[in-house]
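In: Coordinates for the following, if possible.
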Amino acid sequence: MTALPNLPQNTTLLDLLRAQGVPQERGAYAYEGWELHTHPDLVERLVDLAPRWPVLATFGVPVLAAKGIAAVVACGMGMLLVRLPEVPTEPLESAAPCPPLTDPGQGWYSVCPWQGELSSVESKRLLSLLVQHALSYAASLSEDDSIDWQGRPVQAPSTRSGKVKGRRPSRDTGSRQGGRGRRR
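Out: Here you go, the predicted structure:
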């Protein structure tokens, strides 16, 4: 079973991960009921790049999703797959391709999660920005307006206009009602 929803936007990724997934309930490499297909250091790196963001265990692979649509996938030891509308513009080192996801027109790009040519601070900053961009883009692919981009329910706008409908009490509370209003 997977925590990533079976949505049309996730079909290619889910097919790929399902084909390589190996059920494993126990052991050093068990990951939510599946054999882990990502190095533990890369799982930690993914969590570090998107703190407070839930990591979905999907057929033994950690995935970040927005509105249920996959945005970032950590694979093997040295590959982050990011879903973007265009090739990343940051000066980031690419990783090996991952067909069919990284085939032209699929919207997935492979980047190295370690970026050896950059300082660790700059690498983390640029990769964190890239991950946030991928999450925002994935959310934009959703047609579900009942949840926000992090998957939390959206409060429906109030249908009340702020005015109470019905009869208003009379302002004249004078002698006719026995009140203490001013007499004219």
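
In: drop to CA atoms for contacts and neighbour counts, all remaining ones
Out: Noted.

In: For the most centrally placed residue in the chain, give me phi and psi.
Out: Closest to where the C-alpha atoms of the chain average out (CA atoms, centre = their mean) is Ala66, at 2.2 Å. Torsion angles at Ala66 (phi, psi; degrees, to the nearest 10) stand at phi -120, psi 130.

In: Looking only at residue counts, what's the top helix in the chain?
Out: In the chain, ranked by residue count with DSSP state H as the criterion, the top helix is helix 120-140.

In: Could I have the CA atoms of that helix written out in PDB?
Out: Extracted C-alpha coordinates of helix 120-140, given in PDB (Å, rounded to 0.1, in the frame of the first residue of the first chain):
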ATOM      1  CA  SER A 120      27.000  23.000   1.900                       C
ATOM      2  CA  VAL A 121      25.100  26.200   3.000                       C
ATOM      3  CA  GLU A 122      24.600  27.300  -0.600                       C
ATOM      4  CA  SER A 123      23.700  23.800  -1.700                       C
ATOM      5  CA  LYS A 124      21.100  23.400   1.000                       C
ATOM      6  CA  ARG A 125      19.700  26.900   0.200                       C
ATOM      7  CA  LEU A 126      19.300  26.200  -3.600                       C
ATOM      8  CA  LEU A 127      18.000  22.700  -3.100                       C
ATOM      9  CA  SER A 128      15.500  23.900  -0.500                       C
ATOM     10  CA  LEU A 129      14.200  26.600  -2.900                       C
ATOM     11  CA  LEU A 130      14.000  24.000  -5.700                       C
ATOM     12  CA  VAL A 131      12.000  21.600  -3.500                       C
ATOM     13  CA  GLN A 132       9.600  24.400  -2.500                       C
ATOM     14  CA  HIS A 133       9.200  25.400  -6.100                       C
ATOM     15  CA  ALA A 134       8.400  21.700  -7.000                       C
ATOM     16  CA  LEU A 135       5.900  21.500  -4.200                       C
ATOM     17  CA  SER A 136       4.100  24.700  -5.300                       C
ATOM     18  CA  TYR A 137       4.100  23.500  -8.900                       C
ATOM     19  CA  ALA A 138       2.600  20.100  -7.900                       C
ATOM     20  CA  ALA A 139      -0.100  21.800  -5.900                       C
ATOM     21  CA  SER A 140      -1.000  23.900  -9.000                       C
END
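
In: how far out from the middle of the chain is it?
Out: The chain centre lies 11 Å from the centre of helix 120-140; the measure is CA atoms, centre = their mean, to the nearest Å.
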